[in-house]
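Peer 1: Need coordinates for the following:
(chains A, B, C and D)
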Number of protein chains: 2
Amino acid sequence: MVSFKTVNDFRLHGGKYFMPCISIDCVIFGFHDGQLKVLLLKIANLGGWSLPGGFIYKDEHINDSAHRILIERTGLHDLFLQQFYVFGDPKRCENNITKVVFENTGINAPDNWLLQRFLTIGYYALVDFKTVNARHDLFSEDSDWHDIDNLPILAMDHKNIMQQALLTLRTHLRYEPVGYNLLPKKFTMPELQKLYETILGRKLDRRNFQRKMLSYGILKRLNQRRQGVAHKAPYLYSFDLRKYSTALEEGFQSAW
Amino acid sequence: MVSFKTVNDFRLHGGKYFMPCISIDCVIFGFHDGQLKVLLLKIANLGGWSLPGGFIYKDEHINDSAHRILIERTGLHDLFLQQFYVFGDPKRCENNITKVVFENTGINAPDNWLLQRFLTIGYYALVDFKTVNARHDLFSEDSDWHDIDNLPILAMDHKNIMQQALLTLRTHLRYEPVGYNLLPKKFTMPELQKLYETILGRKLDRRNFQRKMLSYGILKRLNQRRQGVAHKAPYLYSFDLRKYSTALEEGFQSAW
DNA sequence: AGTTCATTGTGTTATTGTAACACAATCAAA
DNA sequence: TTTGATTGTGTTACAATAACACAATGAACT
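Peer 2: So this is what the prediction gives:
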């Protein structure tokens, strides 16, 4: 892996190390306080926010690039990560950040690799909010979680990318297990239900939810209850990782 | 659109017009004689077959590129076409066709755009077998349909791309309507069932299939029956395109 | 012209899954 | 000790799915 001392170093010489015209953008979902959140970076010197993203080393598998970017941003190795769409509108880069910066700072480098048209491969990730160690990078002056229904203005087409990711997650939720990467190792049934309700954007019946979740056979009820909570102490559950993985591969429904 | 007189013209100068390092490969599914088929191109002078593919003009939306490639190959404008995955293994191009051809013909151009590492965006398409006018191009000496379970040897990672496309189609079939683009305008219920059975790779109950299909409300039964067939003449159906489109957007199942 | 037979159209029943709802147990706070 | 929101565990009505039966059709055969 190559490291760059300054942003300009990267802007001027990064093209030697990275594939041209293709980037990766990650929509990193976390869950906290009953809210679905996305990790965003505040763009240095420009204001505005962007999705964490990066580029592909010339000999690197694209899925490894996405993992690397995720690890740099969250410190987490164990997370759910999946391609969901390639954004390939030729106009999507008309207001790209490098262009604006070069104009503002008087740099004239029309052939610079970052001024070309870029496609971006959208990945979405599910991470455990509490164990994330959010870090920003050379190009950003801050990183923070934002509620998905209260987003700041995002650069370029990142709002669109984010919305597509959310749609993908919602669809995904209907056919495959979700939760392992978004929740702590141990969690209660109401917490899992709240996660589902948040992603779907509507209330579910408590008793039917429990029955259905248990019927999938991917949960283990532990001989522990959540301590120190008001009201009746709920049982703790954890995912049966082997069965969870199988369900991820095969899906839930079998309509035909 | 640019056209090239010869293959070498394209190989040597195409880089001026196309985005670098990114290609598109299309898995074109058709249905005939109770068999699911894929349209393949026979690679000129090399033997072996490949998926129809192409490149992205520098100012072209990637989805338009895919459409253009499809039209060039099938003559069809009305088809189902969808991105399904980006193949980004850095080793996938080690045996790429241009490399082999350059070695065989003694061309030495190590910086040639086609010798770089390429990502490829996989699209899959569903087309009406009968109305397709299969055409090959400069780089292929033939094009033909092949049964999906009896494929010839495919170049590079095209076998893998094809298998991923099939998996995607199978999954798709479980949650969204499929058929409009694979069947003629008018078709019988047994023909539709055969299509489903072929994609899924197993038999379905005739009566339950019909009940379920009709329950989706995307079919119109016509006041016509298939003529000149042995045994009882089956009714003809067509898709209600408006309801079909709605179902495509919203999906069938609503597990939660 | 009548018979044969694979195929189609339509229906029934048993089983399973989902939606809607009820009540007792629990535990911190009053 | 009482209160009240919350959890654990049902039950019942309804809808969807799976498995199966029989009459109608029409080309092919005698």
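
Peer 1: What distance do you get for the residue in the stretch 1-150 of chain A that DNA strand D sits nearest to to B:Met213?
Peer 2: Distances between the stretch 1-150 of chain A and DNA strand D by Cβ to the nearest atom of the strand are smallest at A:Gly34, namely 11.5 Å. Just so you know, the C-beta spots here come from the backbone N, C-alpha and C atoms, and that holds for glycine as well. According to Cβ to Cβ, to the nearest Å, A:Gly34 stands 40 Å off from B:Met213.

Peer 1: Those two: which is more packed in?
Peer 2: With neighbours defined as other Cβ atoms under 10 Å in any protein chain shown, A:Gly34 and B:Met213 compare such that B:Met213 has more, 18 against 10.

Peer 1: give the contact list for the more buried one.
Peer 2: B:Met189, B:Leu192, B:Leu219 (Cβ atoms under 8 Å, 6 or more residues apart in numbering or on different chains).

Peer 1: try A:Asp25
Peer 2: A:Leu51, A:Pro52, A:Gly53, A:Phe87, A:Thr120, A:Ile121, A:Gly122, A:Tyr123, A:His158, A:Ile161 are the contacts of A:Asp25 under Cβ under 8 Å, 6+ apart.

Peer 1: Tabulate these in CSV, adding columns for distance to B:Ser238, pLDDT and neighbour count.
Peer 2: What follows is the contacts of A:Asp25, written out as CSV (distance: Cβ to Cβ, whole Å; pLDDT from 0 to 100; neighbours: other Cβ atoms under 10 Å in any protein chain shown):
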residue, distance to B:Ser238, pLDDT, neighbour count
A:Leu51, 43, 97, 25
A:Pro52, 48, 97, 25
A:Gly53, 45, 96, 23
A:Phe87, 35, 98, 20
A:Thr120, 40, 98, 22
A:Ile121, 38, 98, 25
A:Gly122, 36, 98, 26
A:Tyr123, 40, 98, 26
A:His158, 42, 98, 23
A:Ile161, 37, 98, 25
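
Peer 1: From these, pick the one nearest A:Glu72.
Peer 2: Set against A:Glu72, the nearest of the contacts of A:Asp25 by Cβ to Cβ is A:Pro52 (8.2 Å).

Peer 1: for A:Lys221, phi and psi?
Peer 2: Not quite, residue A:221 is Arg, not Lys. phi -90, psi 130 (degrees, to the nearest 10).

Peer 1: I'd like the distance between it and A:Glu250.
Peer 2: Computed with Cβ to Cβ, the distance linking A:Arg221 and A:Glu250 is 23 Å.

Peer 1: coming back round to it: just name the closest of the contacts of B:Met213 to chain A, please.
Peer 2: B:Leu192 (12.5 Å; Cβ to the nearest Cβ).

Peer 1: how about the closest one, secondary structure?
Peer 2: Judged by DSSP: H, G, I helix; E, B strand; the rest coil, the three-state class of B:Leu192 is helix.

Peer 1: So it is in contact with B:Lys186, correct?
Peer 2: No: with contact defined as Cβ atoms under 8 Å, B:Leu192 does not count as touching B:Lys186 (11.0 Å).

Peer 1: which residues do those two both contact?
Peer 2: Residues touching both B:Leu192 and B:Lys186 (Cβ under 8 Å, 6+ apart) are B:Tyr237.

Peer 1: near DNA strand C, anything from the lengthiest helix in chain A?
Peer 2: Taking DSSP state H as the criterion, chain A has its longest helix at helix A:158-175. No: under the criterion of Cβ under 7 Å from any atom of the strand, DNA strand C is not reached by helix A:158-175; the shortest gap measures 10.7 Å.

Peer 1: In chain A, what residue comes closest to DNA strand C?
Peer 2: Relative to DNA strand C, the nearest point of chain A is A:Lys232 (3.1 Å; Cβ to the nearest atom of the strand).

Peer 1: Name the helix or strand for that residue, please.
Peer 2: Following DSSP states H and E, one finds A:Lys232 outside all helices and strands.

Peer 1: tell me which parts of the stretch 101-250 of chain A are close to DNA strand D?
Peer 2: So far as Cβ under 7 Å from any atom of the strand goes, the stretch 101-250 of chain A lies against DNA strand D at A:188-190, A:206-208, A:210, A:225, A:230-235.

Peer 1: need those residues in TSV with secondary structure, can you?
Peer 2: Formatted as TSV, these follow (three-state DSSP):
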residue	secondary structure
A:Thr188	strand
A:Met189	helix
A:Pro190	helix
A:Arg206	helix
A:Arg207	helix
A:Asn208	helix
A:Gln210	helix
A:Arg225	strand
A:Ala230	coil
A:His231	coil
A:Lys232	coil
A:Ala233	coil
A:Pro234	coil
A:Tyr235	strand
